[in-house]
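Trainee: pasting the sequence and the predicted coordinates here, then a few questions.
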Amino acid sequence: MSKTANKKVVCEKLIEYGKKDRDIVALTSDSRGSASMTDFGNQLPDQLVEVGIAEQNIVGMAAGLAASGKKPFITSYAAFVTMRAIEQVKVDVAYSNVNVKIIGISGGVSYGPLGMSHHALHDIAVMRAIPNIKMIMPADRYDTEKLMEELVNYEGPVYVRVGRNAVEEVHQSADYEFEIGKADQLSGGSDLTIIATGELVSTALKAAELLEEDDLDCRVINMHTLKPIDEKAIIKAAEETGKIITVEEHSVYGGLGSAVSQVVAENHPVPVKVFAIPDEPAVTGYPEDIFKEYGLTPSNIAEKAKEMFD
């Protein structure tokens, strides 16, 4: 199975659309290399703004560009653009409701060896609480391609989080429907539903395959849009499968698990188990080591899922 970094796809699509539309502007915060935006700068130098390590400034400048009719895309570290610059995101972008796309790169524990300062494990909770901003986490290159196609023409603030490393494809091709705010059901099932987001969707699919070996029919949903979340898909899963597991590269508080649990509790209460990073400073290490430490692996998810049937 081939692997591609979603951030690389972001750059490829921005180059493609930027050549057609001179109003598209990319902004980086000393993150051109990390965001895979070097080619964009080489091919469209007049449409790239480098602000240096100044996340508050990059958000303010993007808001100003948007207010002037430009279509700014911020490509900055997820951990910093959602923490250091959150006041600017809230006031300059959300409150003003300007057309700014914030691409948070190296989300989750992508920068695992650099420790907690570089982990982006609270961005879902923060961004979902701010009005006017949509929040999206594509699962693979196809999700990212389709998302970028929509974002180019979508008017309004959007926060997108992608990881640093190449990820497995969860779709066989681009032959499927992608719609902001509508969940993507990857497999059917009547015994249990696994709802995952971002680059752990592939982990959820592998867990479902393990459960099939124990004759458990597992539905897998790619919840790429965290806000607005697809309540209909969640309620349908609760009604039809009776048990739900959520999987995310985020704190156990305020993320996908919290959002799904709220929808379930208010509409059709069923057991929900949340797989996420616990409420502690996450360990330092490579992403795969961190996932193993906290049980975000196919084998652990499958084992805990089976316990829901005891």
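Mentor: Received, thanks.
Trainee: drop to CA atoms for contacts and neighbour counts, all remaining ones
Mentor: Will do.
Trainee: just say helix, strand or coil for Ala282.
Mentor: What DSSP: H, G, I helix; E, B strand; the rest coil gives for Ala282 is coil.
Trainee: same check on Ile74?
Mentor: Judged by three-state DSSP, the three-state class of Ile74 is strand.
Trainee: now do the longest helix along the chain: which elements does it pack against?
Mentor: Determined from DSSP state H, the single longest helix within the chain is helix 6-20. Counting contacts by 3 or more Cα pairs under 8 Å, 6 or more residues apart in numbering; DSSP states H and E, helix 6-20 packs against strand 24-28, helix 38-43, helix 141-153.
Trainee: list the buried residues for the next helix or strand after the second one?
Mentor: It stands for helix 38-43. Later in the chain than helix 38-43, the nearest helix or strand by DSSP states H and E is strand 48-50. Neighbour counts over strand 48-50 (16 or more other Cα atoms under 10 Å) mark 48-49 as buried.
Trainee: how far away is Thr4 from Val220?
Mentor: 22 Å (Cα to Cα, to the nearest Å).
Trainee: neighbour count winner among those two?
Mentor: More neighbours surround Val220 than the other of Thr4 and Val220, with 27 against 15 (other Cα atoms under 10 Å).
Trainee: mean pLDDT lowest for which of the helices and strands packed on helix 6-20?
Mentor: The minimum mean pLDDT among the helices and strands packed on helix 6-20 belongs to helix 38-43 (a mean of 89).
Trainee: how far does it sit from its chain's centre?
Mentor: In terms of Cα atoms, centre = their mean, to the nearest Å, the centre of helix 38-43 is found 24 Å from the chain centre.
Trainee: helices or strands next to the helix or strand hosting Tyr159 in the packing?
Mentor: Per DSSP H and E: Tyr159 is located in strand 158-161. Packing partners of strand 158-161 (3+ Cα pairs under 8 Å, 6+ apart): strand 101-105, strand 134-136.
Trainee: can you name the residues that contact the most centrally placed residue in the chain?
Mentor: Centroid check for the chain by Cα atoms, centre = their mean gives Met137 as the closest residue, at 1.9 Å. Met137 makes contact with 160-162, 197-199, 224-226 under the criterion Cα atoms under 8 Å, 6 or more residues apart in numbering.
Trainee: mind running it again at 7 Å?
Mentor: Going by Cα atoms under 7 Å, 6 or more residues apart in numbering, Met137 touches 160-162, 197-198, 224-225.
Trainee: ditto for Gly198
Mentor: By Cα under 7 Å, 6+ apart, Gly198 lies in contact with 137-139, 224.
Trainee: out of the helices and strands packed on strand 158-161, deepest packed?
Mentor: Comparing the helices and strands packed on strand 158-161 by mean neighbour count (mean count of other Cα atoms under 10 Å), strand 101-105 ranks first with a mean of 27.
Trainee: name the surrounding residues that touch that strand.
Mentor: Outside strand 101-105, the residues within contact range by Cα under 7 Å, 6+ apart are 7, 35, 72-78, 81, 157-164.
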